[in-house]
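*Asks:* here's my sequence, what's the structure:
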Amino acid sequence: MTAERTQQHAIARRGLMLVLSSPSGAGKTTLSRKLLEADPAVELSVSVTTRKQRPGEIDGRDYHFIDAARFEAMVKQGELLESAQVFGHRYGTPRAPVEAALANGHDVLFDIDWQGTQQLRETAYHDLVSIFVLPPSMSDLERRLRRRAQDPDDVIRARMATAADEMSHWAEYDYVVINTDIDRAFKEVQTILAAERLKRERQTELSDFVRRLQAQL
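*Replies:* Residues are numbered from 1 along each chain as shown. So this is what the prediction gives:
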């Protein structure tokens, strides 16, 4: 690799907020995990939630599990970038760790719904890249929900009933990925992320780099 190319890759940039949203069971959590495993430059925004901890979940890794009183206090004190209520439980994104990561050039991955995405778009438009993940069919979506074996039948029925409403927000997102095959969907997410990282406005030292090039003439 030439010295010029090495210098190009060393140009500092501001991190971005990468949002993956989908109806429950369409694949956003699987895609999020694959991206975190494959790309060390991406870190997960760990949400706070008032719902109970599920088997296999770890507090501080999957979510910060808190009570309703603590959640309300965080809202009032402006400690959350966004918050939403989903299936009777509250979810929110802590502000401080996200802002620190972006300033240090790290990308932050969000596994949130359309409500949270709308709030982020209002407060952090220039940092946001949003992707909506669709299932190939509703029958496939139901099969995936039942295969997870995490929720009782009444919860699955509720998730299916709200899926149409959730999918109606697809046009509010920057990109749409149809998860027919998880590996292909993952490659599409990686392609989107690579392109967004190269946007001119995110490369904070690009102007200085160009001036140095011009000075060499």
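*Asks:* quick one: the helices in the chain?
*Replies:* Across the chain, reading from the start of the chain, the helices by DSSP state H fall at 3-9, 28-38, 68-76, 95-103, 114-123, 138-148, 153-167, 182-197, 206-215.
*Asks:* and those as TSV, adding mean neighbour count and distance to residue 173?
*Replies:* In short, each C-beta sits where N, CA and C put it, glycine included. Rendered in TSV, the data for these read as follows (neighbours: other Cβ atoms under 10 Å; distance: least, Cβ to Cβ, whole Å):
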stretch	mean neighbour count	distance to residue 173
helix 3-9	9	29
helix 28-38	17	12
helix 68-76	13	25
helix 95-103	15	19
helix 114-123	18	7
helix 138-148	15	18
helix 153-167	14	11
helix 182-197	15	11
helix 206-215	11	27
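*Asks:* so which of the ones you listed comes closest to residue 89?
*Replies:* Each of the helices of the chain has some distance to residue 89 by Cβ to Cβ; the shortest is helix 68-76, at 9.4 Å.
*Asks:* which elements pack onto that closest one?
*Replies:* Using 3 or more Cβ pairs under 8 Å, 6 or more residues apart in numbering; DSSP states H and E as the contact criterion, the neighbours of helix 68-76 among helices and strands are strand 48-49, strand 80-86, strand 89-94.
*Asks:* still on that earlier bit, so which of the helices of the chain gets nearest residue 54?
*Replies:* The stretch from the helices of the chain with the least distance to residue 54 (Cβ to Cβ) is helix 138-148; that distance is 10.4 Å.
*Asks:* where does pLDDT dip in this protein?
*Replies:* Low-confidence segments of the chain, defined by pLDDT under 70: 1-9, 148-151.
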